[in-house]
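[1] prediction below, plus the sequence it came from.
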Amino acid sequence: MKVEDVKKVAVIGFGTMGSGIAQVFALAGYEVVARDVTNEFLERGLNLIKNGPFGLNKAVEKGRLKKEDAEAALSRIKTTTDLAEAVKEADIVIEAVFENMDLKKQVFKEADENAPPHAILASNTSTLSITAIAAATKRPQQVVGMHFFNPVPVMRLVEVVKGLATSDEVVEVVKQLATKLGKTPIVCKDVPGFVANRLAFPYLAEAIRLYEMGVASAEDIDTAMKLGYNFPMGPLELIDLIGLDVTLDILETLYKETGQSTFCPPVLLRQMVRAGWLGRKTKKGFYTYQ
């Protein structure tokens, strides 16, 4: 397959990441079918695309997008609760469900059974093994990681992850596809955390430990990294944006996969997640949001 052959995209999982992925593909002219388990989740995803902080209406308001282009993009997105229906004509399937290996394997098994033989099956996983996910299919050579970053409409990086069986042809198609979306792809091997999270999460965990020990306030820890290293956002601000629950899940996976103590989740992080303090989405994390 060549990148020019990719016309139709299926997105499985229509939450924050899935809706963002659907949005960028639709804006680039692709026909998208989004699938989630309930109509309520599908409506929520469409609302994020239309009215979210990085959605189409906001882009129109700020003059970055013409109203007619936003309407055209929205018209290219269809939704369904039926996975088989979503993938039946897809040239590429992009999975964006929860970071749970059993769930992802089930999604890939069903997608493999119902998607056209030529279709590429891609995962947006940020930490889990592409090789293990591919083993649930009969086309492991066509299974690849296509890891977008949150918020998808804004963040330019896409990690293209080559599993043990992934063909060079598929890697090249996905690289070119990311470029057509206006993203910058990098290619990496299938190792825990890939490149960005492998580097970032020890840093985030250490920031939590410094706060936990009372070394400095959240504001001063964030200011240190913004002014000392010119980072656009401090580590605790970033964790609030990512979600403390997501941060905990990723650290637990990396710790389990590598055994490296740098990935061991701090006790405070576990306590905050148990308390329901998940960051911006619950209005409380390391900071309180109105």
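    The structure has been received and is ready for your questions.
[2] tell me if Glu169 really is in a helix.
    Yes - counting by DSSP: H, G, I helix; E, B strand; the rest coil, Glu169 is part of a helix.
[3] pretty sure it contacts Asp5?
    No - counting by CB atoms under 8 Å, Glu169 sits too far from Asp5 to count as a contact (11.6 Å). C-betas here are computed from N, CA, C, even on glycine.
[4] those two: which is more packed in?
    Glu169 (13 against 10; other CB atoms under 10 Å).
[5] so what's the more buried one up against?
    Taking CB atoms under 8 Å, 6 or more residues apart in numbering, we find Glu169 in contact with Met1.
[6] strands along the stretch 151-290 of the chain, start to end?
    With DSSP state E, counting those that start in this stretch as the criterion, the stretch 151-290 of the chain has strands at 157-162, 184-189.
[7] restrict the helix or strand hosting Thr131 to CA atoms and write it as PDB.
    Remark: Thr131 resides in helix 130-134, with elements defined by DSSP states H and E. Provided in PDB are the C-alpha atoms of helix 130-134 (Å, rounded to 0.1, in the frame of the first residue of the first chain):
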ATOM      1  CA  ILE A 130       3.100  -3.200  19.700                       C
ATOM      2  CA  THR A 131       4.600  -6.700  19.300                       C
ATOM      3  CA  ALA A 132       2.300  -8.100  21.900                       C
ATOM      4  CA  ILE A 133      -0.800  -6.300  20.500                       C
ATOM      5  CA  ALA A 134       0.100  -7.500  17.000                       C
END
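[8] next SSE downstream of that helix?
    Scanning onward from helix 130-134 (DSSP H and E), the first element met is strand 143-148.
[9] so what angle separates the directions of the lengthiest helix in the chain and strand 143-148?
    Assignment by DSSP state H gives helix 196-212 as the longest helix of the chain. Angle, helix 196-212 to strand 143-148, by axes from the mean of the first three to the mean of the last three CA atoms, to 10 degrees: 50 degrees.
[10] can you list the buried residues in helix 196-212?
    197-198, 201-202, 204-205, 207-208, 210-211 (16 or more other CB atoms under 10 Å).
[11] what separates that helix from the chain centre, distance-wise?
    On the basis of CA atoms, centre = their mean, to the nearest Å, helix 196-212 sits 19 Å off its chain's mean C-alpha point.
[12] go on, stretch 266-283?
    20 Å.
[13] check stretch 73-88 too.
    19 Å.
[14] and Leu128, that one's in a strand?
    No - using three-state DSSP, the assignment for Leu128 is coil, not a strand.
[15] skip the chain neighbours and tell me the closest residue to it.
    Closest residue to Leu128 apart from its sequence neighbours, by CB to CB, 6 or more residues apart in numbering: Met101 at 5.6 Å.
[16] could you do Val6 as well?
    Nearest one to Val6, counting by CB to CB, 6+ apart, is Asp91 at 4.4 Å.
[17] state the distance from Ala218 to Ala178.
    34 Å (CB to CB, to the nearest Å).
[18] for Tyr211, same thing?
    If you go by CB to CB, the gap between Tyr211 and Ala178 works out to 35 Å.
[19] thinking again about what came up before, run through the neighbouring helices and strands of the helix holding Thr131.
    For helix 130-134, the packing partners by 3 or more CB pairs under 8 Å, 6 or more residues apart in numbering; DSSP states H and E come out as helix 101-114, strand 120-123, strand 143-148.
[20] give the buried residues for it.
    Of the residues in helix 130-134, 130-131, 133-134 count as buried by neighbour count, 16+ other CB under 10 Å.
[21] what's the most distant pair in those residues?
    By the measure CB to CB, Thr131 and Ile133 form the most distant pair in the buried residues of helix 130-134, at 7.4 Å.
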